[in-house]
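Undergrad: Here's my sequence, what's the structure:
(2 chains)
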Amino acid sequence: STPLQSPTEVFQALQRLHMTIFSQSVSPCGKFLAAGNNYGQIAIFSLSAALSSEAKEESKKPVVTFQAHDGPVYSMVSTDRHLLSAGDGEVKAWLWAEILKKGCKELWRRQPPYRTSLEVPEINALLLVPKENSLILAGGDCQLHTMDLETGTFTRALRGHTDYIHCLALRERSPEVLSGGEDGAVRLWDLRTVREVQTIEVYKHEECSRPHNGRWIGCLATDSDWMVCGGGPALTLWHLRSSTPTTIFPMRAPQKHVTFYQDLILSAGQGRCVNHWQLSGELKAQVPGSSPGLLSLSLNQQPAAPECKVLTVAGSSCRVDVFTNLGYRAFSLSF
Amino acid sequence: MSSESSKKRKPKVIRSDGAPAEGKRNRSDTEQEGKYYSEEAEVDLRDPGRDYELYKYTCQELQRLMAEIQDLKSRGGKDMAIEIEERRIQSCVHFMTLKKLNRLAHIRLKKGRDQTHEAKQKVDAYHLQLQNLLYEVMHLQKEITKCLEFKSKHEEIDLVSLEEFYKEAPPDISKAEVTMGDPHQQTLARLDWELEQRKRLAEKYRECLSNKEKILKEIEVKKEYLSSLQPRLNSIMQASLPVQEYLFMPFDQAHKQYETARHLPPPLYVLFVQATAYGQACDKTLSVAIEGSVDEAKALFKPPEDSQDDESDSDAEEEQTTKRRRPTLGVQLDDKRKEMLKRHPLSVLLDLKCKDDSVLHLTFYYLMNLNIMTVKAKVTTATELITPISAGDLLSPDSVLSCLYPGDHGKKTPNPANQYQFDKVGILTLRDYVLDLGHPYLWVQKLGGLHFPKEQPQHTVIADHSLSASHMETTMKLLKTRVQSRLALHKQFASLEHGIVPVTSDCQYLFPAKVVSRLVKWVTIAHEDYMDLHFTKDIVEAGLAGDTNLYYMALVERGTAKLQAAVVLNPGYSSIPPIFQLCLNWKGEKTNSNDDNIRAMESEVNVCYKELCGPRPSHQLLTNQLQRLCVLLDVYLETESHDDSVEGPKEFPQEKMCLRLFRGPSRMKPFKYNHPQGFFSHR
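TA: This is a model prediction of the structure:
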């Protein structure tokens, strides 16, 4: 390829080389994927166009890219009409129906009541609680805030973590929320009584602790009575009621995202590959992606678009890898 | 006319039978008398039905008589003969009747046929009449249509509109009262007016032509007058020379230079004129001069009648002699190449003086057979420069002007037609000859007014003043910036090689007061070596590591930690920032592929470079980037979380003030320095 020479070309190339995609979210219709990066931009990709048989190189580029936040977009979730994004201390809402038009403005933005004033804490995780139509935010100020989506008021603040919170997971039945943080603990909160009901300090268990990586919990996923978490300590499957680690997955590199899928556990983190684990602890497959490190996995299971049912992964690069079949990377979308 | 002949015969037969209504038939007489027998009349009177009955009865009788005769004959005997005879006579009579009936039938038939025929003829006659009439109708219709479609020539003429006509035409032509009501008169009036107008315009045209002739004649006269002026002016100029010297106004000197300039080839002439103009108008630090032999230049363009014989003779002689002396093909090819790459004997010298008294000397040459210009550059400084080892390429004549405009590397000929010429003499590329001939940069061609469009190759590209003028100012400014930035780097490299990062006082605010990590090494590396490094693959793949860039390796150390930084310096520095790729060796090897914080450090110098540019003209960019790198390494090492399993204190105690150590899903370190509070935070 011809070497890049003009200042704007060089600057754009450098920006793309140093881009990190932190978060992804699938649209309610299942046809579009939103990706948020470290420059605060959100790009909307058309999955249906990229997956169709007439897809060209332009289909793998975003349909629209806009500056959503001043800081990185660490987390995004979608309701049935809105895209909620957060990162630099604020959560903003965008209408999916409007988002494809140029110059889209946010529907609303809210900032939880923070304690510190010197630096605005980041929001690392967003969680929707459908039963009470509320959103839970957690991040730099070590608290979980719940916000009512109807009124926009902040209803609860759950305190207990001693260092910032990385990730959240929802136990539908109770409803209970799990949070994992930099302090190395996984805490369970009951939303009705607004109290911490269980604490698991993962690093204190010898079989899964790995001191040279640190004690931080980077990712969480839960499936009724089971919970899988990873980060500094090894990726471990826990039985919640008894707070015992049942399976330790032999993965050296710290994992940054984990999820249950059918009868498998999928995890990704430092290193190129998406790891497929069986519940017994066996590594079923390691499928390489195109980024040197991965930060988010997204499974498009929207019922409205079964033809777009794909796994998309993103991380330390400007690319989102698309896996149509879990076994190999089909192609990559790119900012 | 069988009926006629049968009529003639009839009278005889009828008389012998004794049939009624007989009379003399006289054919010559017409139907006057009425006293003759006409069988046709009889036919009308008789009833065909009864005739038919009669016929049947007669046949019956005949059959009966025949049967009786046979009867009698079979019985035999004499008296039988009379009865037979009687019967025979009766049969004869019946035969007569039959014959008559037959005739009548024939007559009826004939009558019927005649009637039909008549009627048919009548019908035919009517039919014919009808056809004739229809044909006539059609013909008339066609004529009518033709008449209706008729367009007279007068409709093709574009007449002025009605309002205009009534406005402009004089009343004796427009005759409003008459024409308003009658369209025919109106059209006639309009045509009249048209004719009037045309006549008038023809008059005007003739007048204008004669005017033009007169004026042309006047111009001729004036031209002659002017040309006779020239010798008189020359003598005045000569007389004024002593006055000029006395008043220190060297018009003559400039004039001499212009005289020499007349012998310059067109592109060099354009450059000379435009550069002189620019220098006089905008930039007093630019000086222009012409070097080389005017006589040789004159020798190139001898008038054809004299030179043809001379040259061909001398050529032939030379060829023969050369052929006799040096018959080898290789040498001939060599000569051909030399001939093709021959330079015009005159060259234009441009000297650009910069603020710090350093001068950029540019010598522009014109390659006659290739129709391109080349330039040789040299930088001289007010004081002698000691060149640090790593700064070798910065000011070298080969690379100092490389990529002045993005992509303009000056290693290939800009004239696409040259390729065919090269093929004939076996030259692969001009690159091999640039050291000797100078670089054929695209901006050099533009300053000479030469434009080689890629899409439509032109046969002869001629020098264009406007092209040169439009590029002059920008190019001169870029040249000055380039020289100054290279000189600045030159000085900085000298300092870097001694392990000191020279940060100017107006950039101190970007960094904390105490920086512990030190630069220990600064060397230049080759392009291939850069490509071979394992941590630079991303830059190479992104197309940012071409062969026109300069490559360096810096080493920053603190304690046991060693940070290697591979630097790509684009010729377009400092509008294009230097690009850093890092590899840290401390408790293992960390690069951007296995450590997100190393990636963040690279981002701090590569992407956030605008903060580090310093005051214009941004000569401090590279040194500020290096200083920031040292600060980043300090932060990285001091904020590394302590591994509880390992004994002993941390190698690098935290001295930097940080609000938080880690933030976000990738647990970034606080790399951003805040001034003047002096603490570190996250972006």
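Undergrad: Would you check how far apart B:Ile107 and B:Tyr55 are?
TA: For B:Ile107, the distance to B:Tyr55 equals 15 Å [C-beta to C-beta, to the nearest Å]. C-beta coordinates here come from the backbone N, C-alpha and C atoms, glycine included.
Undergrad: Ok, B:Arg64 next?
TA: Distance from B:Arg64 to B:Tyr55, by C-beta to C-beta: 15 Å.
Undergrad: What separation do you get for the closest residue to B:Thr504 other than its chain neighbours and B:Met368?
TA: Leaving aside its chain neighbours, B:Thr504 sits nearest to B:Gln620 (5.9 Å; criterion: C-beta to C-beta, 6 or more residues apart in numbering or on different chains). B:Gln620 sits 45 Å away from B:Met368, taking C-beta to C-beta as the criterion.
Undergrad: cool, and B:Ser293?
TA: B:Ser293 sits 15 Å away from B:Met368, going by C-beta to C-beta.
Undergrad: And for B:Ala281?
TA: According to C-beta to C-beta, B:Ala281 stands 31 Å off from B:Met368.
Undergrad: So, low pLDDT: which residues of the stretch 151-300 of chain A?
TA: Per-residue confidence for the stretch 151-300 of chain A (pLDDT under 70) gives no ranges below the cut-off.
Undergrad: can you give me the strands for it?
TA: Along the stretch 151-300 of chain A, counting by DSSP state E, counting those that start in this stretch, strands occupy A:154-159, A:165-171, A:176-181, A:185-190, A:195-201, A:217-223, A:226-231, A:236-239, A:244-248, A:255-261, A:264-269, A:273-278, A:283-288, A:294-299.
Undergrad: Select the helix or strand of chain B having the lowest average pLDDT value.
TA: For chain B, counting by mean pLDDT, DSSP states H and E, helix B:304-325 ranks last in confidence among helices and strands (a mean of 48).
Undergrad: For B:Arg64 and B:Tyr55, work out which one has more neighbours and name it.
TA: More crowded of B:Arg64 and B:Tyr55, by other C-beta atoms under 10 Å in any protein chain shown: B:Tyr55, with 17 against 14.
Undergrad: quick one: the more buried one and B:His94 touch, right?
TA: No: here B:Tyr55 does not reach B:His94: they are 10.4 Å apart, not a contact under C-beta atoms under 8 Å.
Undergrad: For B:His642, give me the pLDDT.
TA: On the pLDDT scale, B:His642 is placed at 69.
Undergrad: got it, and B:Ser240?
TA: Per-residue pLDDT puts B:Ser240 at 81.
Undergrad: swap in B:Phe251?
TA: 68.
Undergrad: now for the strands of the stretch 151-300 of chain A, which one comes closest to B:Gly76?
TA: Nearest of the strands of the stretch 151-300 of chain A to B:Gly76, taken as C-beta to C-beta: strand A:294-299 at 140.4 Å.
Undergrad: could you check the angle strand A:273-278 makes with that closest one?
TA: 50 degrees (axes from the mean of the first three to the mean of the last three C-alpha atoms, to 10 degrees).
Undergrad: Just after strand A:294-299, pick out the following helix or strand.
TA: Using DSSP states H and E, the helix or strand that follows strand A:294-299 in sequence is strand A:311-315.
Undergrad: With chain B in mind, check whether that following strand reaches it.
TA: No: judged by C-beta under 8 Å from any C-beta of the partner chain, strand A:311-315 stays clear of chain B, getting no closer than 8.9 Å.
Undergrad: List, one by one, the residues from chain A near chain B.
TA: Applying C-beta under 8 Å from any C-beta, one finds that chain A approaches chain B through A:1-7, A:10-11, A:13-18, A:20, A:22, A:71-72, A:74, A:118-119, A:122, A:124, A:140, A:164, A:166, A:182, A:211-212, A:214, A:216, A:218, A:256, A:270, A:292-293, A:295, A:316.
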